[in-house]
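Participant: below is the structure, and that's it, no one-letter string:
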Ligand code: TYD
């Protein structure tokens, strides 16, 4: 576990191969915690672009920079945050639902592969940070009370 509070973890898929080249395998419910219903990839991102900037109410993700590198910042809306460098094609980061994520510092050759646990539904995307904080509070009133004193 990379960060207990954020429930974010680094997944090492390893690689098989020889002098001919390498192959990395990512099996649903084995190498990652879910069977992906959706795959998309982010590429040709401007070096100064910040992508993502949203939280998902139900979808979990695994991000893998299969080419190049980028960074991802993850925030739980309760004061915990982590920045992870995605820079290896055989390493992924598991990002659970209900965390805020921002991807940035993309190299020109960055191809960021995203495996999603759910089909696309714009309704489950929270794109406003204040709305995200409200949703966090709503889901964890006990945590809210503790932090307020
Ligand atoms: P968005 O989530 O804003 O990605 P980014 O921050 O990387 O630019 O998505 C960009 C657009 O693509 C937005 O109009 C929604 C659409 N989209 C889909 O239709 N399906 C998907 O699976 C994803 C991830 C995005």
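Facilitator: Cool, got the structure. For clarity, every value in this text was computed on a predicted model and none was experimentally measured.

Participant: near the ligand, anything from the top helix by length along the chain?
Facilitator: Using DSSP state H to assign secondary structure, the helix with the most residues in the chain is helix 129-139. No. Residues of helix 129-139 contacting the ligand under CB under 6 Å from any ligand atom: none, with a closest distance of 13.8 Å. For the C-beta atoms, the positions are set from N, CA and C on the backbone; glycine is no exception.

Participant: output the contacting helices and strands for that helix.
Facilitator: Identification of packing neighbours for helix 129-139 by 3 or more CB pairs under 8 Å, 6 or more residues apart in numbering; DSSP states H and E yields strand 51-56.

Participant: what lines up beside the strand it packs on in the sheet?
Facilitator: strand 100-104 (antiparallel), strand 125-126 (antiparallel) (DSSP bridges).

Participant: the inter-axis angle of the helix or strand just after the first one versus strand 51-56?
Facilitator: So that's strand 100-104. Once the chain leaves strand 100-104, the next helix or strand it forms, by DSSP states H and E, is strand 111-116. Relative orientation of strand 111-116 versus strand 51-56 (axes from the mean of the first three to the mean of the last three CA atoms, to 10 degrees): 10 degrees.

Participant: partners of strand 111-116 in the sheet?
Facilitator: Applying DSSP bridges, one finds strand 111-116 paired with strand 38-43 (antiparallel), strand 61-67 (antiparallel).

Participant: can you list the residues of this structure near the ligand?
Facilitator: Remark: the part of the chain in contact with the ligand comprises 38, 40, 42, 51-52, 120, using CB under 6 Å from any ligand atom.

Participant: return the member of these nearest to residue 105.
Facilitator: Using CB to CB, residue 51 is the member of the residues of the chain next to the ligand that sits closest to residue 105, with 10.7 Å.

Participant: great, nothing more from me.
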